[in-house]
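**Q** Quick check, what structure comes out for this input:
(one chain, ligands or ions: 2)
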Amino acid sequence: MTLVLKATGVTKSFGGLKAVQNVSIEAHAGQVLSIIGPNGAGKTTFFNCLSGIYPLDSGTVELAGKRINGLAPHQVSRAGLSRSFQNIRLFPEMTVLQNVLVGRFSRSPRQILASVLRTRSWRREEDKALARSKELLEFAGLSARAQAWARALPYGLQRRLEVARALATDPKILLLDEPGAGMNPQEIGEMMGLVKSIANLGIAVVVIEHHMKLVMEISDRIVVLDHGEHLAEGTPEEVRRNPRVVEAYLGRSEDQHG
Ligand SMILES: Nc1ncnc2c1ncn2[C@@H]1O[C@H](COP(=O)(O)OP(=O)(O)O)[C@@H](O)[C@H]1O
Ligand SMILES: [Mg+2]
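**A** Ligands and ions are numbered 1, 2, ... in the order given. You can find the predicted model right below:
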């Protein structure tokens with residue numbers, strides 16, 4: 001197993017509120033690691049810490065052996081970490097294909113200059129980006145909708161488009177924040193398949209998810225957060241049986257989500 005991301009002792013407070021306290025995870029290539037926990041447990045904040053949106057109070061994050069905490073989000077992205085957001089963040093007035101294309105370009109000043117001058121190497125770059133974006137739409141089952149407006153897509157497909165766009169940077173690791181939120185059971189099943197197939201490409205996948213069925217079926221390992229703390233970790237089976245987890249979360253959650 002290839003270690004892709006190692007987060008150690010990640011801690012983040014907002015005023016007096018300890019949103020994430022001393023949380024450590026390891027994510028491996030080709031594996032799905034899920035992060036579960038009640039609302040307000042600190043899951044999204046933890047993602048924001050990993051992706052450079054929040055500076056850490058303490059702790060370290062290493063990607064492929066290099067420290068990435070302290071880098072800006074676009075630098076983290078360029079280092080190989082990509083993410084989706086809990087709330088959909090597409091460009092509604094662009095086509096499906098354009099949404100993936102823009103995900104491809106992390107805009108360095110040099111790239112912007114090249115695009116303005118339309119240099120030959122830039123046009124080559126553009127052709128490559130277009131081909132890769134089409135591949136990703138195919139992979140996400142969105143090819144037939146490539147020219148549709150993003151806003152015209154049904155909700156479940158917008159979520160898939162978010163995932164396709166996050167893949168556009170060819171990441172080593174993909175963080176997905178509740179990819180199944182607001183989906184019907186059929187859409188959840190399809191999302192499950194997509195997440196699994198991303199891991200099968202050799203990408204490390206870390207998923208925050210509420211739907212227990214989805215989590216149990218796709219995860220190689222699960223980390224449970226509660227009140228910002230690392231409460232438990234293990235295989236789906238180990239986590240399902242852990243009395244602390246059942247007490248803090250799982251029993252309640254299964255009542256809620258069937
Ligand atoms: N930018 C912020 N400023 C202040 N408090 C925040 C901020 N972001 C999150 N929180 C608080 O941190 C805690 C964890 O939130 P969050 O990470 O969104 O939880 P989860 O994603 O597990 O539901 C919550 O109490 C939330 O209100
Ligand atoms: Mg959240």
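
**Q** can you tell me the helix or strand for the residue nearest the centre of the chain?
**A** Ranked by distance to the mean C-alpha position of the chain (C-alpha atoms, centre = their mean), the top residue is Leu175 at 1.9 Å. If you go by DSSP states H and E, Leu175 is part of strand 173-177.

**Q** For that strand, which helices and strands make contact with it?
**A** On a contact count with 3 or more C-beta pairs under 8 Å, 6 or more residues apart in numbering; DSSP states H and E, strand 173-177 meets helix 43-50, strand 81-83, helix 155-166, strand 204-208. (Each C-beta comes from the backbone N, C-alpha and C, glycine too.)

**Q** what's the burial count for the nearest residue to the residue nearest to the centre of the chain once chain neighbours are set aside?
**A** In this structure, Leu175 finds its nearest non-sequential neighbour in Arg83, 3.9 Å apart by C-beta to C-beta, 6 or more residues apart in numbering. Counted with other C-beta atoms under 10 Å, the neighbours of Arg83 add up to 22.

**Q** try His230
**A** Neighbourhood size, His230 [other C-beta under 10 Å]: 21.

**Q** Find me the pLDDT at it, would you?
**A** His230 is assigned 96 on the pLDDT scale.

**Q** I'd say it and Val20 touch.
**A** No: applying C-beta atoms under 8 Å as the test, His230 and Val20 come out as separate, 9.4 Å apart.

**Q** Would you map the strands across the stretch 1-150 of the chain?
**A** Secondary structure of the stretch 1-150 of the chain (DSSP state E, counting those that start in this stretch): strands located at 3-14, 17-28, 32-36, 58-63, 66-67, 81-83.

**Q** Packing partners of the fourth one?
**A** Applying 3+ C-beta pairs under 8 Å, 6+ apart, one finds that strand 58-63 contacts strand 3-14, strand 17-28, helix 43-50.

**Q** Please save the CA atoms from that strand in CSV.
**A** Provided in CSV are the C-alpha atoms of strand 58-63 (Å, rounded to 0.1, in the frame of the first residue of the first chain):
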residue,chain,number,x,y,z
SER,A,58,-1.0,22.7,15.3
GLY,A,59,-0.2,19.5,13.5
THR,A,60,1.2,18.6,10.1
VAL,A,61,-0.1,17.4,6.7
GLU,A,62,2.2,15.5,4.4
LEU,A,63,1.3,14.6,0.8
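
**Q** List the contacts of that strand.
**A** Defining contact as C-beta atoms under 8 Å, 6 or more residues apart in numbering, one finds that strand 58-63 is touched by 4-11, 22-24, 49-50, 67-69, 76, 79-81, 172-173.

**Q** Good, we can wrap up now.
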